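**Q** show me the folded form of this:
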Amino acid sequence: MEENANEMKQVNKNTISTNLMWRFLERFGAYIVSFVISVVLARILDPSTYGVVALMTVVITFLDVFVTGGFANSLIHDKHAGEKDFNTLFWFNIAFSFVLYIALFFTSPLIAAYYEKEALTWLIRVEGISLLINGIKNLQYAFVAKNLQFKKFFFATIGGTLASGVIGIVLALKGFGAWALVIQGLVNHFVDSVILWFVIKWRPKFQFSIKLWYKHFSFGWKILVYKIFYNVSNSVRQLAIGKKYTDSDLAFYNKGKTYPNIIGQNITNSVNSVMYPVLAKTQDDYKRFNDILYKSIKLNIFIILPMMVGFFCVADSFIYILLGSKWMPCVPYVKIFCVVIFLNSIEAIISSGPLALGKSTASMILGIAECLINIGLLVAAIPFGVMAIGYSMIVSSAINCLIYFVYLKRLSGFSFFKALSDSFTSIVSSILMGVTIYALLNLQLPFYIIFLAQIIIGIFLYYFLSVAFKDDSLPYCVSLVKDLLKRKKKS
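**A** Take a look at the predicted model:
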């Protein structure tokens with residue numbers, strides 16, 4: 001018992017801060033590079049091109065869930081998982097992803113015919129190669145996450161993002177259109193996996209155990225079902241827009257999601273990917289489990305809420321300056337997704353709670369309920385247009401958060417009101433900052449001047465309010481940076 005307590009103390013004080021910082025650096029580095037690349041590509045390519053690729057991406061993303069969903073979570077959750085477990089699931093993943101790709105290869109003409117876009121056939125076949133790559137990468141991720149070695153992800157992600165971005169821009173300039181986006185995504189997956197292969201110590205061996213496979217399948221299939229329903233509930237909107245409306249409508253909808261998602265989802269993934277393995281280590285101690293969950297939500301709100309509030313306020317200037325007038329119809333979607341992504345960031349953290357406690361059956365049931373709510377609201381919104389579909393996402397995200405809060409209350413005694421009160425100063429600071437910079441839009445000044453003023457005033461005002469309200473999330477973030485710098489000097 002004393003040994004376990006010392007281990008958890010060490011994990012909490014040192015490992016969490018270091019891995020969080022490396023994960024943040026990776027995500028922010030990838031965000032900066034991706035942001036520049038996406039702006040350049042959006043300037044070169046037409047909105048309709050993005051719409052065609054979005055249809056294909058929905059299909060690939062859905063199949064990718066079968067490759068990446070379930071087993072990685074099982075390996076991370078299982079305290080006794082060893083080399084033979086990793087090898088067993090590695091070879092299964094390789095075989096299964098190959099079968100999926102073959103099925104996709106021969107059914108791609110049917111998908112293209114459904115959307116009456118013949119060009120989708122080979123676009124899908126080439127992009128589908130990412131399924132084979134992710135079959136390997138998923139086990140690499142599980143190894144890094146289980147051993148809390150997120151520094152390894154930094155090099156892989158930055159390398160993949162840079163290489164794929166350069167190739168994507170060159171191909172776009174050469175007139176490759178949708179192929180530029182497809183090849184960019186494929187190169188990103190490939191370079192990521194190759195770099196991880198060289199920077200982590202684990203190498204697969206020719207081992208396979210039916211018994212171990214069944215053990216992980218018993219845990220993982222429920223997570224897989226949850227992720228399938230979650231993916232369907234998110235993807236069905238794009239499929240509905242792509243079928244009922246125009247390629248441009250889908251492009252504006254997706255572009256409106258892209259930039260808030262780059263910020264919010266990347267930070268959420270950073271926190272969640274580190275906290276899930278840590279929470280799994282506390283599954284026998286509800287008090288410690290809840291404390292870590294409270295801190296995760298508090299840190300998430302302190303960082304993401306002001307960013308989403310700020311992005312909401314600068315959306316008009318941002319899109320006009322960076323993408324030009326042809327992309328202005330996506331501004332309302334940017335604002336909608338700022339709200340949605342903030343709610344999703346909270347849901348992502350609290351939904352990891354049941355999984356970390358080994359409640360995979362409950363996670364599956366909650367995922368199915370979440371999907372049904374999303375689809376029900378989508379069906380109700382479709383007759384009223386694409387904007388109504390966007391608004392339905394805000395409602396469904398809020399309902400889904402509430403469901404998870406209620407379940408966690410019953411499971412571990414987690415309190416929604418304590419989580420809210422812990423983040424009260426961050427919420428107030430974000431609202432005051434947002435109201436102030438949104439008022440700047442009334443000034444009769446050029447877009448770029450208003451945009452710069454909003455960013456500068458927003459950053460300084462949020463910092464000042466955090467200091468004035470004595471928000472302890474600020475010194476905590478500062479301590480993470482200092483801790484990382486000290487470790488870098490020692491190394």
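**Q** what about the helix or strand hosting residue 409, distance to the chain center?
**A** In the assignment (DSSP states H and E), residue 409 maps to helix 386-412. Distance, stretch centre to chain centre, for helix 386-412: 17 Å (Cα atoms, centre = their mean, to the nearest Å).
**Q** in the next helix or strand after that helix, what counts as buried?
**A** Remark: after helix 386-412, the chain's next helix or strand is helix 416-422, criterion DSSP H and E. Buried residues in helix 416-422, counted by 16 or more other Cβ atoms under 10 Å: 416, 419, 422. For every residue, glycine as well, the C-beta is placed using N, CA and C.
**Q** name the nearest residue to the first one, sequence neighbours excluded.
**A** Leaving aside its chain neighbours, residue 416 sits nearest to residue 405 (4.3 Å; criterion: Cβ to Cβ, 6 or more residues apart in numbering).
**Q** looking at it, the one you found is touching residue 418, isn't it?
**A** No. Residue 405 is not in contact with residue 418 according to Cβ atoms under 8 Å; the separation is 10.9 Å.
**Q** residue 143 against residue 202, yeah?
**A** Yes. Applying Cβ under 8 Å, one finds residue 143 in contact with residue 202, separated by 4.7 Å.
**Q** out of the two, which sits in the more crowded spot?
**A** residue 143 (21 against 17; other Cβ atoms under 10 Å).
**Q** now do the contacts for the more buried one.
**A** Residue 143 makes contacts with 75, 86, 149, 200, 202, as judged by Cβ atoms under 8 Å, 6 or more residues apart in numbering.
**Q** who touches stretch 381-391?
**A** 237, 240-241, 244-245, 249, 252-253, 256, 332-333, 336-337, 340, 378, 392.
**Q** how about 6 Å then?
**A** With contact meaning Cβ atoms under 6 Å, 6 or more residues apart in numbering, stretch 381-391 is reached by 237, 241, 245, 249, 253, 333, 336, 392.
**Q** for the stretch 251-400 of the chain, what spans make up the helices?
**A** 286-323, 331-356, 360-381, 386-412 (DSSP state H, counting those that start in this stretch).
**Q** let me know which of those is tucked in deepest.
**A** Mean neighbour counts were compared across these using mean count of other Cβ atoms under 10 Å; the top stretch is helix 331-356, at a mean of 23.
**Q** packing partners for that helix?
**A** Counting contacts by 3 or more Cβ pairs under 6 Å, 6 or more residues apart in numbering; DSSP states H and E, helix 331-356 packs against helix 247-281, helix 286-323, helix 360-381, helix 386-412.
**Q** tabulate the ones you listed (JSON lines), appending distance to residue 177 and mean pLDDT.
**A** Listed next are those as JSON lines, based on distance: least, Cβ to Cβ, whole Å; pLDDT from 0 to 100:
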{"stretch": "helix 247-281", "distance to residue 177": "12", "mean pLDDT": "69"}
{"stretch": "helix 286-323", "distance to residue 177": "18", "mean pLDDT": "85"}
{"stretch": "helix 360-381", "distance to residue 177": "30", "mean pLDDT": "83"}
{"stretch": "helix 386-412", "distance to residue 177": "24", "mean pLDDT": "87"}
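**Q** would you format those as TSV with distance to residue 429 included?
**A** Converted to TSV, the helices and strands packed on helix 331-356 look like this (distance: least, Cβ to Cβ, whole Å):
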stretch	distance to residue 429
helix 247-281	17
helix 286-323	7
helix 360-381	30
helix 386-412	21
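**Q** quick check: which of those helices is nearest to residue 458?
**A** For the helices and strands packed on helix 331-356, the distance to residue 458 is smallest for helix 286-323, at 4.9 Å, taking Cβ to Cβ.
**Q** just the angle for that closest one relative to helix 386-412, thanks.
**A** Interaxial angle, helix 286-323 versus helix 386-412 (axes from the mean of the first three to the mean of the last three Cα atoms, to 10 degrees): 160 degrees.
**Q** if we can go back for a sec, so which of the helices of the stretch 251-400 of the chain gets nearest residue 111?
**A** Closest approach to residue 111 among the helices of the stretch 251-400 of the chain (Cβ to Cβ): helix 360-381, 20.3 Å.
**Q** got the CA coordinates for the closest one in CSV?
**A** Coordinates of the C-alpha atoms in helix 360-381 are reproduced here as CSV (Å, rounded to 0.1, in the frame of the first residue of the first chain):
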residue,chain,number,x,y,z
SER,A,360,-16.8,-0.1,-20.4
THR,A,361,-20.4,-1.4,-20.5
ALA,A,362,-21.7,1.9,-19.0
SER,A,363,-19.6,3.9,-21.5
MET,A,364,-21.1,1.9,-24.4
ILE,A,365,-24.6,2.5,-23.2
LEU,A,366,-23.9,6.2,-22.6
GLY,A,367,-22.4,6.4,-26.1
ILE,A,368,-25.5,4.9,-27.7
ALA,A,369,-27.7,7.3,-25.8
GLU,A,370,-25.6,10.2,-26.9
CYS,A,371,-25.8,9.1,-30.5
LEU,A,372,-29.6,8.7,-30.4
ILE,A,373,-29.9,12.2,-29.0
ASN,A,374,-27.7,13.7,-31.6
ILE,A,375,-29.5,11.9,-34.5
GLY,A,376,-32.9,12.8,-33.1
LEU,A,377,-32.0,16.5,-32.9
LEU,A,378,-30.4,16.3,-36.4
VAL,A,379,-33.6,14.9,-38.0
ALA,A,380,-35.6,17.6,-36.4
ALA,A,381,-33.2,20.3,-37.7
